[in-house]
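>>> no sequence for this one, just the structure:
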């Protein structure tokens, strides 16, 4: 009865099941993808992608301004003006990250031993811009403890991206399958957030 109720305990338990189940399925599929792609792609492809994702993650972490938690925590977080401001700030931040990476890509490649990572960096960091374009109303699902909706768009987008990565890697047989697949995860999450 406590699980089915509309109280905090019921919402928390149901949310835990949805988020935990979604994350479990997503991680199992990612693990299976990596095992499969280890047979299809070269170690150099995985190494290049690891460098690109490290640079992207570092810049994203260092420039995080906490827009998501601000929407969830603020009592006015559900108001359209607040959501629109949060969306625009997040998008401007992502575009600035993209501009820095776009300009700095040749130097980043030289730092890693002269690897030609410019195009790969420029494509993969588009995922940051796509993540910033996720509907600001998606954070309301977390604020209002509608974790089923949150899991469907977050984990659903990631699962679609995993499938896309495998398909592209089978066709392209190089690092571009990983790169475009990585961006497709963000694109699917963005699309699902508006649906």
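Right, received. Where do you want to start? The structure displayed is predicted, hence computed values, not measured ones. Numbers count the residues shown, from 1 in each chain.

>>> residue 130 and residue 191 touch, don't they?
No: the criterion here is Cβ atoms under 8 Å, and residue 130 misses it with residue 191 at 9.3 Å. (C-beta placed from N, C-alpha, C; glycine too.)

>>> neighbour-wise, which of these two wins?
Remark: of residue 130 and residue 191, residue 130 carries more neighbours, 20 against 17, as counted by other Cβ atoms under 10 Å.

>>> neighbours of the closest residue to the more buried one other than its chain neighbours, how many?
Excluding its sequence neighbours, the residue lying closest to residue 130 (Cβ to Cβ, 6 or more residues apart in numbering) is residue 186, at 3.7 Å. Look at residue 186: counted by other Cβ under 10 Å, it has 22 neighbours.

>>> residues contacting residue 186?
Shown in contact with residue 186 (Cβ atoms under 8 Å, 6 or more residues apart in numbering): 126-128, 130-131, 157, 161.

>>> and the one helix or strand it maps to, what's its mean pLDDT?
Using DSSP states H and E, residue 186 sits in helix 175-194. The pLDDT scores in helix 175-194 average 95.

>>> so how far is that helix off the chain centroid?
Distance of helix 175-194 from its chain centroid, counting by Cα atoms, centre = their mean, to the nearest Å, is 8 Å.

>>> start at 36 instead
All right, first residue 36 from here; so that's helix 210-229.

>>> residues of it that come out buried?
Neighbour-count burial for helix 210-229 flags 210-228 (criterion: 16 or more other Cβ atoms under 10 Å).

>>> right, and the helix or strand after the helix or strand encompassing residue 116?
Here residue 116 sits within helix 115-146, counting by DSSP H and E. Using DSSP H and E, the helix or strand that follows helix 115-146 in sequence is helix 153-159.

>>> which other helices and strands contact that next one?
On a contact count with 3 or more Cβ pairs under 8 Å, 6 or more residues apart in numbering; DSSP states H and E, helix 153-159 meets helix 78-97, helix 115-146, helix 210-229.

>>> what does that helix contact?
Contacts for helix 153-159 (Cβ under 8 Å, 6+ apart): 83-84, 87-88, 90-91, 136-137, 140-141, 143-144, 210-211, 214-215, 217-218.

>>> go with 6 Å
87, 91, 136-137, 140-141, 144, 214, 217 (Cβ atoms under 6 Å, 6 or more residues apart in numbering).

>>> great, nothing more from me.
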